[in-house]
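Asker: Sequence and computational prediction follow.
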Amino acid sequence: MLAFLRPYLSTAALALLIFYFGYHAFTGEGGLLQSDKRDATLTAKTEELKTVTAQRRDLEVRAQLLRDTSLSADLLEERARSLLGFADPRDYVIRMEP
């Protein structure tokens, strides 16, 4: 019986190998059926990139205002109060739990 099937073993192994890779090409992590998930991830990451870019621009402007060449007195006072924990007598302080 085994001698009868011997010529077909290499064909069967090759067919199983093709089926295995074909299955994973469609349903794997980067497969063709996962394109909706990739599109959703791309959209979310694009929005996150816009947010982070806006935050970076804001930080760059604030850092520019703290440089020696263009020192902003208001920003310097705000940072000093924030770091030292002081408040102006006219300020309203709202304490929040961390």
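Answerer: Noted; the coordinates are in hand. Numbering: from 1, shown residues only.

Asker: How far off centre is the longest helix that the chain contains?
Answerer: Of all segments of type helix in the chain, defined using DSSP state H, the longest is helix 35-66. Computed by C-alpha atoms, centre = their mean, to the nearest Å, the chain-centroid distance of helix 35-66 equals 9 Å.

Asker: Checking residue 90 next. Helix, strand or coil?
Answerer: Here residue 90 is recorded as coil under DSSP: H, G, I helix; E, B strand; the rest coil.

Asker: Remind me what the longest helix of the chain packs against, helices and strands.
Answerer: With contacts taken as 3 or more C-beta pairs under 8 Å, 6 or more residues apart in numbering; DSSP states H and E, helix 35-66 sits against helix 73-84. C-beta coordinates here come from the backbone N, C-alpha and C atoms, glycine included.

Asker: what about residue 62, how many neighbours?
Answerer: Counted by other C-beta atoms under 10 Å, the residues lying close to residue 62 total 13.
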